[in-house]
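Colleague: Quick one: sequence and predicted model below, then my questions.
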Amino acid sequence: MEFTDFGKQLISLEPHLFNFALKLTRSHQKSQDLVQETFLKAWRYKDQFRRDTNFKAWVFTIMRNSYINNYRKNYTQKVIFDTREYSYLNNYRSSNSNMQESILRHKEIMGKIMTLKEGIRSAFLMYIEGYKYKEISHELNLPIGTVKSRIFFARKQLTWWLEKR
């Protein structure tokens with residue numbers, strides 16, 4: 001595909017991409033941002049597009065993957081441990097007055113996570129980063145059952161530590 005054809009095809013997909021982005025984000029502003037990010041990534045990786053494949057599907061896949069990656073990144077930034085209720089993980093919703101305390105607690109908990117045995121720690125870190133069991137299993141080359149048990153043991157050890165405090 002030539003340089004100008006690629007750009008023309010990409011621009012022609014804008015209304016379709018925007019509608020898809022709107023379904024994903026449910027926000028007009030976030031949809032515009034996602035379309036722009038998709039355009040940039042498609043342009044950056046245009047050399048990886050194979051001519052014998054569906055261009056529209058390729059661009060929509062870029063958008064879907066961008067949305068998923070942004071969701072995971074935003075989700076993991078909001079995850080902390082809640083020591084008051086000893087629950088495993090909760091979404092972080094706090095006022096600014098509790099921000100410093102929460103940051104210190106988060107650092108302390110991350111320090112405890114780093115003391116876990118390597119196999120348990122690596123699976124648990126991937127889990128709290130938003131990876132699915134199957135993805136962790138594939139990445140670490142472990143059976144899914146092993147991944148689940150390692151995550152369970154990490155939670156159990158951290159919960160014990162939180163209760164002990």
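Modeller: Good, I have the coordinates. As the structure is a prediction and not an experimental result, all values here were calculated from the model.
Colleague: Show me what secondary structure element comes after the helix or strand of the chain at the bottom of the mean pLDDT ranking.
Modeller: The helix or strand of the chain with the lowest confidence, counting by mean pLDDT, DSSP states H and E, is strand 87-91 at a mean of 46. Going down the chain from strand 87-91, the next helix or strand is helix 99-114, by DSSP states H and E.
Colleague: in a strand, that's where R51 is, yeah?
Modeller: No. Read with DSSP: H, G, I helix; E, B strand; the rest coil, R51 is coil and lies in no strand.
Colleague: Next, work out how far apart it and L125 are.
Modeller: From R51 across to L125, the span is 40 Å (Cβ to Cβ, to the nearest Å). Placement of C-beta: from N, CA and C, glycine included.
Colleague: Neighbour count for these two, which is higher?
Modeller: Just comparing R51 and L125: by other Cβ atoms under 10 Å the higher neighbour count belongs to L125, 16 against 6.
Colleague: which residues does the more buried one contact?
Modeller: With contact set as Cβ atoms under 8 Å, 6 or more residues apart in numbering, L125 has these partners: I113.
Colleague: so it is in which element?
Modeller: helix 118-128.
Colleague: pLDDT averaged over that helix - what is it?
Modeller: For helix 118-128, the mean per-residue pLDDT is 88.
Colleague: for stretch 28-36, same thing?
Modeller: 93.
Colleague: Just the buried positions in that stretch, please.
Modeller: Judged by neighbour count (16 or more other Cβ atoms under 10 Å), stretch 28-36 contains these buried residues: 31, 34-35.
Colleague: Helices along this protein, start to end?
Modeller: Ranges of helices within the chain are 3-12, 14-25, 28-44, 55-77, 99-114, 118-128, 133-140, 144-164, based on DSSP state H.
Colleague: Could you list the alpha-carbon positions for stretch 49-63 in CSV?
Modeller: Extracted as CSV, the C-alpha positions of stretch 49-63 are listed here (Å, rounded to 0.1, in the frame of the first residue of the first chain):
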residue,chain,number,x,y,z
PHE,A,49,0.6,-4.1,7.9
ARG,A,50,0.4,-7.0,5.5
ARG,A,51,-1.3,-6.2,2.2
ASP,A,52,-3.1,-9.6,2.1
THR,A,53,-5.0,-8.8,5.3
ASN,A,54,-8.0,-6.7,6.1
PHE,A,55,-7.0,-3.1,6.7
LYS,A,56,-10.1,-2.1,8.6
ALA,A,57,-9.8,-5.1,11.0
TRP,A,58,-6.1,-4.3,11.5
VAL,A,59,-6.9,-0.7,12.6
PHE,A,60,-9.8,-1.8,14.8
THR,A,61,-7.5,-4.3,16.5
ILE,A,62,-5.0,-1.5,17.2
MET,A,63,-7.9,0.5,18.8
